[in-house]
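[1] Predicted structure and sequence below. I'll ask about it afterward.
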Amino acid sequence: MASTSATATASWDGGSSPMNASYGKLMMWFFLLSDAFTFSALLITYGLVRSAHPAFEGLVNEFTFSQIYWPVPEKVFDAVPFLHGIELPLVFVGIMTFILIMSSVTMVLAVEAGHRMDRKAVEKWMLWTILGGLTFLGCQAWEWSHFIHGTDAGGALRDGTTFFGANLSLNQYGPPDFAAFFFFITGFHGFHVFSGVCLNFLIYYNTVMGVYDRRGHYEMVEKVGLYWHFVDLVWVFVFTFFYLV
Amino acid sequence: MATTDIHVHSAVHGHDDHGHDHEHEHHEGNFWTKYIFSEDHKVIAKQFLITGIFWALLGGTLSVIFRLQLGFPDMNLEWLKPVLGGWITPEGKLDPEFYLALVTMHGTIMVFFVLTAGLSGTFSNFLIPLQIGARDMASGFMNMLSYWFFFVSSVIMFTSLFLQDGPAGGGWVIYPPLSALPQAIKGSGLGMTMWLVSMALFIVSSLLGGINYITTIINMRTKGMSFTRMPLTIWAFFFTAIIGLLSFPVLFSAALLLIFDRSFGTSFFLSDIYIGGEALPNVGGSPILFQHLFWFLGHPEVYIVLLPALGLSSEIIATNSRKPIFGYKAMIGSMLFIGILSFIVWAHHMFVTGMNPFLGSIFMLLTLIIAVPSAVKIFNYVTTLWQGNIRFTPGMLFSIGLVSFFLTGGITGVFLGNSALDIQLHDTYFVVAHFHLVMGSASFFGMMAGVYHWFPKMFGRMMDDRLGYVHFWITFIGVYLVFFPMHYIGIAGFPRRYYSWTNFETFSGFADLNMLVSIAAVATLAAQFIFLFNFFYSIFRGRVASENPWKSNTLEWTTPVNVGHGNWPGAIPNVYRWPYDYSKPGAKDDYIPQHIPFSETPESNLPSENEQIKLESNGSGAIVVDKH
């Protein structure tokens, strides 16, 4: 342990914060680590249940909804608002993902502005981030609503009756667990986004009120930024496992 | 961090040294802010302790009730009617469904509310700031929230005991489909819902606490308190908090999914079930999946319960043997190794679920490896005691008791970890005996040791030694009388969780052993009232303690007898040495506390320590790092 640290204030030998990280930032990192395990558990559960169901074997353009096999995602998620009847596989969710990732970029810019103590710029970029988050949530609401109401033709259940859309127990697209996991995991993620938007708004409000100027640093922006990037990262995994694979 | 030089005036709270943040605004406290919604880690620790004691008493009482049924199957329990009401049948017997609820609640209460919150919550909160030299936890507010989430969770769990249909009854492991289907047993009704809600809140509480413990240990250590100078207690709390941080969220996920299966019609864990000849609509899920998720928490949970107890006893054994702990770094290493292994052995709870035998053999191998770090710890305890100048304080006795249980119970773990032997032993009383000794009793003894040892710092008074000895010996012998016979019953195949065994010819020969176990259980529970009396009497009437009654090295003993908010009235002491300088050759006393610089102890310094003196004198306090 006899290594010489560059600054005397950031050693592991007590009396200072290792790596100059404040306890608040550490707390956020450890919380995110913990939350990562929550999401991992959910995604692994999803993966195992899905792999226990047969996959669709035929050609993609011959795919039809069935309770026998897990549906092909691009055949389920192919609708875009105002373009009823046109098949645009994964276009809408692609737009959603792009918006969420852009909101991470604006978050980075807000953090950077915070380092410069530039209150106006923090306000501007926080607003864009909040807007991005809200847009994502709005898109998700539309997608859920479309998923719930279903297609014009509907799909056959195991007993042969036609069912339109989806709920937690039954759906027209495939085995019951397909929709149940979709609702559960995207819902759980959406709740994280919603909490993130609330936190972002709180940060924005505090910035406008000059709280961080008085405090002398904008570290809160950074801490909430960590959370926002994490939520973004989780979406990349959710997106991969639900829409791409 | 801001300056650490703080002056606490007699009644006025000190400013906290991390005062640039918002959550520490202490006004002169009234009753509510001082004792109820306190942000002082010591008060929060006592809140956890008292709540834990309440739960321990309740959990113990529940076990005695079902032990009556097991030990005296023909007994008329009419006399329990005033307490249990409808749970006693008109024939004077215990209601079978209530028996299941008793077993479930006993497990839940003991594992989570007593040995997780009561043990870790009490001592992590109390000792971390005191032993690393901090004014308080990183976030006092989160710490307070942690207790109150636990409190609400406790209230919900407690309320569920009084439901018409009784509390949860599917076992503390709440395996679906039993726990997922309210029509299956009474104990899967509202009681199960409340169990899940309560546990979700409990997990939030343990997360808030754990994040706080970890960051406090990393960020708030006083000058000179490097990681290699931390007492083993702190290392144990550190690992415990990390294990909890990584495993509890998985139970959280599982509980949420189960809530959806129960209440919202999903089939995550359900498939192909018939009840009363009717097929349920659920298809596609897997109940085994729940077991994987549950045991991913469930196994690390064993070490969440045990590691703090091992940490406490390391400290107590070294202090009372007047010897440095043997193998300080080996102790840390073995705890780290145990912590890592705890995450990759969970499937040994599931050997008989139809798991691939090859996979079983891998989990068996990993499980058996745990014996290595565990043995390292046992040997280190024994070698610390070896030729020590042992003082048999009650805390010391309980610590030695822990070592005994850890050994006895640990050895049977080698049997159970074997996937072939487990076919015979699974879900028998052998398992019950194993985990009650190695994790239940060992951790409970660690907790008791901690209470006896740190009572003077908590309440400024001493507990009575003689009552402590009586309490120890009855409990120690009682625990062995309860759990040792269970091994024999278990090897014979006697299954756990059975309400009645008298109809099986095979088991009728064990009636006398079961009776012995039950009598011992009643006696052991009764002995705890000696402790309760001692505890509460000593808070108010005990002999007034001195600042450092055990002549111990760690920093908490440098605080005044009645520790105020902020812990040290003056500056926080710097740390110059490790915490185990007991009976150092040449030294004046048989102990040198951590805050004594080497420059004051030339007579006992090693050559390398003499070289550190010049680093002490530059006033920086931090010695290990050469700064220039």
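    Yes, it's here.
[2] OK, now which residue of the stretch 1-150 of chain B is nearest to chain A?
    As assessed by Cβ to the nearest Cβ, chain A sits closest to B:Ala138 within the stretch 1-150 of chain B, at 4.0 Å. Glycine gets a C-beta too; all of them are placed from N, C-alpha and C.
[3] Angles on the backbone of that residue, please.
    Reported as degrees, to the nearest 10, the phi and psi values for B:Ala138 are phi -50, psi -50.
[4] Please list all residues in contact with it.
    B:Ala138 makes contact with A:Tyr23, A:Leu26, A:Met27, B:His18, B:Asn212, B:Thr215, B:Thr216, B:Asn219, B:Met220 under the criterion Cβ atoms under 8 Å, 6 or more residues apart in numbering or on different chains.
[5] what are the ranges of the helices in the stretch 301-450 of chain B?
    For the stretch 301-450 of chain B, the helices defined by DSSP state H, counting those that start in this stretch occupy B:328-341, B:357-369, B:371-385, B:394-416, B:421-425, B:429-435, B:442-459.
[6] Helix, strand, or coil at whatever residue of chain A ends up closest to chain B?
    The nearest approach of chain A to chain B comes at A:Gly15, 3.2 Å away (Cβ to the nearest Cβ). On the three-state scheme (DSSP: H, G, I helix; E, B strand; the rest coil), A:Gly15 is labelled coil.
[7] next one: B:Val575
    When the rule is three-state DSSP, B:Val575 gets the label coil.
[8] and the gap between the closest residue to it other than its chain neighbours and B:Pro593?
    Spatial nearest neighbour of B:Val575, excluding adjacent residues (Cβ to Cβ, 6 or more residues apart in numbering or on different chains): B:Gly224 at 3.7 Å. Separation of B:Gly224 from B:Pro593 (Cβ to Cβ, to the nearest Å): 13 Å.
[9] So if I had to pick from these two, which one is more boxed in?
    Higher neighbour count among B:Gly224 and B:Pro593: B:Gly224, with 25 against 20, using other Cβ atoms under 10 Å in any protein chain shown.
[10] what pLDDT does that one get?
    Confidence at B:Gly224, expressed as pLDDT, is 92.
[11] got JSON lines for the helices of the stretch 301-450 of chain B, with mean pLDDT and mean neighbour count too?
    Formatted as JSON lines, the helices of the stretch 301-450 of chain B follow (pLDDT from 0 to 100; neighbours: other Cβ atoms under 10 Å in any protein chain shown):
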{"stretch": "helix B:328-341", "mean pLDDT": "97", "mean neighbour count": "18"}
{"stretch": "helix B:357-369", "mean pLDDT": "95", "mean neighbour count": "16"}
{"stretch": "helix B:371-385", "mean pLDDT": "97", "mean neighbour count": "18"}
{"stretch": "helix B:394-416", "mean pLDDT": "96", "mean neighbour count": "22"}
{"stretch": "helix B:421-425", "mean pLDDT": "94", "mean neighbour count": "16"}
{"stretch": "helix B:429-435", "mean pLDDT": "96", "mean neighbour count": "24"}
{"stretch": "helix B:442-459", "mean pLDDT": "97", "mean neighbour count": "26"}
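[12] shaky segments in chain A?
    By pLDDT under 70, the weakly predicted segments of chain A are A:1-9.
[13] What ranges does it have for its strands?
    Assigned by DSSP state E, chain A shows strands spanning A:155-156, A:162-163.
[14] tell me the most buried of the ones you listed?
    strand A:155-156 (a mean of 18; mean count of other Cβ atoms under 10 Å in any protein chain shown).
[15] close to chain B, is that strand?
    No. Interface with chain B: strand A:155-156 contributes nothing (Cβ under 8 Å from any Cβ of the partner chain), its closest point being 15.0 Å away.
[16] Please name every helix or strand in contact with that strand.
    Judged by 3 or more Cβ pairs under 8 Å, 6 or more residues apart in numbering or on different chains; DSSP states H and E, strand A:155-156 is in contact with strand A:162-163.
[17] Direction included, what does the strand it packs on pair up with?
    Strand A:162-163 pairs in its sheet with strand A:155-156 (antiparallel), by DSSP bridges.
[18] Residues touching the partner strand, excluding its own?
    A:Thr64, A:Phe65, A:Ser66, A:Gln67, A:Thr162, A:Phe163, A:Asn171, A:Gln172, A:Tyr173.
[19] Quick one, which of the residues you listed are buried?
    A:Phe65, A:Ser66, A:Gln67, A:Phe163, A:Asn171, A:Gln172, A:Tyr173 (16 or more other Cβ atoms under 10 Å in any protein chain shown).
[20] follow-up on the earlier one: just checking, which of the contacts of B:Ala138 belong to helices?
    A:Tyr23, A:Leu26, A:Met27, B:Asn212, B:Thr215, B:Thr216, B:Asn219 (DSSP state H).
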